[in-house]
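Novice: sequence unavailable; structure follows:
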Ligand code: IMP
Ligand code: MG
């Protein structure tokens, strides 16, 4: 097994997730939030985040992929979508990590076609230096350097999603 170096502990992540939830609550007040969880990587983050949101929330899932092992391929493919109609909804895309930005931009374009009232994005980890397209999250947890990371939902070839912390694959 490759070596791992912890970047953010379980507690550091929990503190930041609570702060993000506070910001989100301020923004939406008592409107219903339609959370769109981007599978698979965001399932842990979304599960923690929605439990800190004591406002009305609906949850939807969509699965896309652009990665093969540790590199982005630049093309986004659809695998699954549970999202019902998002027209007139206040949609919050919840994404684990932002790298080139290709995936998030694709999702923003795709969801916009459904004409939600508002469309915002919440990203936990952001590798800003890797950006290839101009996309900025509305809510962001941590900025991180350009290293391949795993844990807290993020995988390498489907492994490590169950780690409670975020680690760099060495
Ligand atoms: P982007 O389209 O290049 O922004 O890539 C975003 C997607 O790539 C994320 O939703 C992740 O699924 C995956 N990804 C990007 N960087 C990492 C990483 O460091 N570890 C695990 N998955 C990653
Ligand atoms: Mg992902």
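Specialist: Received it, and whenever you're ready, just let me know what you need. Please read these numbers as outputs of a predicted model, since none were measured by experiment. Ligands and ions are numbered 1, 2, ... in the order given.

Novice: what sits against the closest residue to ligand 2 within the chain?
Specialist: Of all residues in the chain, residue 41 sits closest to ligand 2, at 3.4 Å by Cβ to the ion. Bear in mind the C-beta positions are built from the backbone N, C-alpha and C, glycine included. Contacts were defined as Cβ atoms under 8 Å, 6 or more residues apart in numbering; by that measure residue 41 touches 95, 96, 97, 153, 154, 155, 161.

Novice: which of these are close to ligand 1?
Specialist: Counting by Cβ under 6 Å from any ligand atom, 95, 96, 97, 154 from the contacts of residue 41 sit close to ligand 1.

Novice: possible to save those as CSV with pLDDT and distance to residue 35?
Specialist: Below are the ones next to ligand 1 among the contacts of residue 41 laid out as CSV (pLDDT from 0 to 100; distance: Cβ to Cβ, whole Å):
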residue, pLDDT, distance to residue 35
95, 98, 11
96, 98, 13
97, 97, 17
154, 98, 18
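
Novice: hang on, the earlier thing: would you enumerate the residues in contact with the closest residue to the residue of the chain closest to ligand 2 other than its chain neighbours?
Specialist: For residue 41, ignoring the flanking residues on the chain, the nearest one in space by Cβ to Cβ, 6 or more residues apart in numbering is residue 96 at 3.7 Å. The neighbours of residue 96, taking Cβ under 8 Å, 6+ apart as the test, are 38, 41, 42, 44, 45, 123, 124, 125, 152, 153, 154.

Novice: what is the burial count for the fourth one?
Specialist: When neighbours are defined as other Cβ atoms under 10 Å, residue 44 has 22 of them.
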